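Q: Coordinates for the following, if possible.
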Amino acid sequence: MSEAINPNLTPQSVPSPVPIPAVVRSAPTPLTPPPAREGWRIDLLKMFPLLKWVVKQRWFQFVVILPNLFLFLVFLAAGIWGTPVGNRNILIVFVWIFWWFLLISAMVPFLSRIWCTVCPFPFFGEWIQRGSLTTPKMATPGAKGTKIGINRYFGLNLRWPKALSNIWMQNIGFLGLCTFSAFYLTRPIVSVIVLGSLIVVATVLHVIYRQRAFCNYVCPVSGFLSLYAMSSMTEVRSKDADVCLKCHDKSCLVGSERGWGCPWFNFPSKMERNNYCGMCMECIKSCPHDNMTVNLRPFAADTKLKGYDEAWKAFIMLALALAYSVIYLGPWAFFKNLANYTESGVGLPAFIGYALALWALPMVIIPSIFSAFHWIARKVAGAEPKPWKESFLLMAYPLVPLGLLAWIAFSVPLIFINGSYILVTMSDPFGWGWDLFHTAHTAWSPVVPQLMPTIQVFIMALGLILTLKSTFKQAGKVYEDAKAKVRFAAPMAIFYTAIVLLFIQLYVN
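A: From the prediction side, this is the model:
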């Protein structure tokens, strides 16, 4: 493999002693300050000095990934050599019940993309690409016009195709995986194939393409994390925009001996959204002015979707929360049989019909209904000062908090009804008759099942409140006139209310 300097660097006509990337996700103009932030912020690294010391250590990410990698390999081994009974295999129970509940109900809402900090998928590929587990490799001074302070990488270091520099691949990949969800939710070996393939693909893409192309553009998990991280109460941001404007090193971007340049193609000091920040904390290490930190902030502080790919991710996630509520929580055996056609005997043609309907719902049906309400809103409000796409994306944003709360409402019964399986598989992960923690014979015991509809209705009601608040706030970005704002927001509010009532109807009945 070839050796290269930071492959994200090309000289730019800006007053900086080091080159600035030609394409970064968070700012095309590196010398302008980021927009003013709305709401309060609490600097967590200032409040907790020990936390700051930890994230600044070069071993930090390696240490938090290592145990997760070990568990991941144990889960894969259980999927291969363990029992084929899904609710007795630790792979199925821990990944698709416990991990999913923690991810969607706690990690994302409160800790942004903290899963990316500990994710094992890119571990091997990034190790090969960087040629190091912890210590940044540095470019030779003067080599290819470079200067001290620029990282060096290994591999082919090709640019990711510009046409694919969006999350459409993640959208399609996630929807594809969800089409066959019944297979890997019940068959450990299928989960092994899915999860094992992701780590292989991540490794190969790290060798071929520069930095975290896999995480940015391919990983199906990363796609929905990027969307729902907008609602998170945690962010990595610069402390003072003026300090960043005066900085000539741009180490957060190009790297230094203290830390790697941002693996996510961000200009960290210019970030205004959580979408593509993997919380690796490299910018906190590399900043020579100690100007990057981790903030606590209000819920749903990021409110800007930047493209149709992100809007369609919101449609996909909402549609799948709705479909899964019908398939996995509802009393309709017909839908369960369609999703799991190989065991139910409904036949391949019926499954194909199910798959087409599952794809049509988020890709065509819900977007079409949304577009119709958006068109009505524009007509009702009168002459609009913004073009269709801009107002479409502004009014699609409320799908983000609504979708997140819908997924939490769906996930709560998973852990409360099936939580006892966690105790069983902890003691007997392979289903071989072990009893490591004396819980292997715990009987299945759902927790307060009679309260599940009430809890779900409460979550969806909260989602509706946040969504309607966001809808009127977004409408204010389209119209300054108060009456026009209300007329524009009203049809969209009806759309969102109807969706919530549909979820509530499902959960109550």
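Q: Could you pull up the residues touching the residue nearest to G82 when sequence neighbours are not counted?
A: Setting aside the residues directly before and after it, G82 is nearest to F430 in space (Cβ to Cβ, 6 or more residues apart in numbering), at 3.8 Å. For every residue, glycine as well, the C-beta is placed using N, CA and C. Contact analysis of F430 by Cβ atoms under 8 Å, 6 or more residues apart in numbering lists A77, A78, W81, G82, T83, N89, I90.
Q: 7 Å instead, please
A: Contacts for F430 (Cβ atoms under 7 Å, 6 or more residues apart in numbering) come out as A78, W81, G82, T83.
Q: For the second one, give its distance to I114.
A: What it means is W81. Distance of W81 to I114, given as Cβ to Cβ, to the nearest Å: 31 Å.
Q: now swap in the third one and tell me
A: Taking Cβ to Cβ as the measure, G82 falls 28 Å from I114.
Q: more neighbours, those two?
A: Taking other Cβ atoms under 10 Å, G82 and I114 do not tie; G82 has more neighbours (24 against 20).
Q: phi, psi of the more buried one?
A: With angles defined as degrees, to the nearest 10, G82 sits at phi -80, psi -170.
Q: hang on, it packs against G433?
A: No: counting by Cβ atoms under 7 Å, G82 stays clear of G433, with 11.5 Å between them.
Q: Which residue is the nearest non-sequential neighbour of the residue nearest the centre of the chain?
A: Nearest to the centroid of the C-alpha atoms of the chain, with distances taken as Cα atoms, centre = their mean, sits L225, at 0.8 Å. Of all residues not flanking L225 in the chain, R113 sits nearest, at 5.1 Å (Cβ to Cβ, 6+ apart).
Q: Could you give the number of residues near the one you found?
A: The number of residues packed around R113, counting by other Cβ under 10 Å, is 27.
Q: Let me know whether it touches C280 as I believe.
A: No: if you go by Cβ under 7 Å, R113 and C280 don't touch, sitting 9.5 Å apart.
Q: pLDDT value on the nearest residue to Y328 once chain neighbours are set aside, please?
A: Of all residues not flanking Y328 in the chain, K336 sits nearest, at 7.4 Å (Cβ to Cβ, 6+ apart). pLDDT, K336: 88.
Q: Check which helix or strand K336 maps to.
A: In this structure, K336 sits in helix 333-339 according to DSSP states H and E.
Q: right, and the helix or strand after that helix?
A: Per DSSP H and E, helix 333-339 leads on to helix 341-344 as the next helix or strand towards the C-terminus.
Q: Walking through the stretch 101-250 of the chain, point out its helices one by one.
A: Taking DSSP state H, counting those that start in this stretch, the helices of the stretch 101-250 of the chain run over residues 108-111, 114-118, 123-130, 168-179, 181-186, 188-208, 213-217, 220-228, 241-246.
Q: quick one: which of these is nearest P453?
A: With Cβ to Cβ, the closest approach to P453 among these belongs to helix 108-111: 21.7 Å.
Q: In the closest one, which residues are buried?
A: Neighbour-count burial for helix 108-111 flags V108, P109, L111 (criterion: 16 or more other Cβ atoms under 10 Å).
Q: For the first one, which residues are in contact?
A: To tie it back to what came earlier, the one meant is V108. Applying Cβ under 7 Å, 6+ apart, we find V108 in contact with L225, Y228, A229, S232, L404.
Q: thinking again about what came up before, for the residue nearest to L225, list the residues it contacts.
A: If you count contacts by Cβ under 7 Å, 6+ apart, R113 has them with L225, A229, N274, C277, G278, M279.
Q: Compare these and tell me which has the most neighbours.
A: A229 (30 neighbours).
Q: How about the contacts made by it?
A: Applying Cβ under 7 Å, 6+ apart to A229 gives the contacts V108, S112, R113, N274, N275.
Q: which residues does the residue nearest to it when sequence neighbours are not counted contact?
A: Computed as Cβ to Cβ, 6+ apart, the closest residue to A229 that is not its neighbour in sequence is N274, at 3.9 Å. Contact partners of N274, counting by Cβ under 7 Å, 6+ apart, are S112, R113, A229, M230, S232, E235, D302.
Q: Name the nearest residue to the fifth one, ignoring sequence neighbours.
A: Counting by Cβ to Cβ, 6+ apart, the nearest residue to S232 once its immediate chain neighbours are dropped is S112, at 3.8 Å.
Q: Could you check how far that neighbour is from M47?
A: For S112, the distance to M47 equals 17 Å [Cβ to Cβ].
Q: again with W444
A: According to Cβ to Cβ, W444 stands 43 Å off from M47.
Q: burial of V457, as a residue count?
A: By the criterion of other Cβ under 10 Å, V457 has 17 neighbours.
Q: shouldn't it be in contact with I504?
A: Yes: taking Cβ under 7 Å as the definition, V457 is a contact partner of I504 at 5.3 Å.
Q: Low-confidence bits of the protein, can you list those?
A: Applying pLDDT under 70 to the chain flags the ranges 1-36, 140-149.
Q: domain parsing for it?
A: As recorded under automatic domain parsing, the domains making up the chain are 3-26+36-296, 308-508.
Q: For L45, which non-adjacent residue is spatially closest?
A: Nearest non-adjacent residue to L45, counting by Cβ to Cβ, 6+ apart: K52, 3.9 Å away.
Q: just checking, A311 touches L393?
A: Yes: with contact defined as Cβ under 7 Å, A311 and L393 form a contacting pair (5.8 Å).
Q: Of these two, give the one with the bigger neighbour count.
A: Taking other Cβ under 10 Å, A311 and L393 do not tie; A311 has more neighbours (22 against 19).
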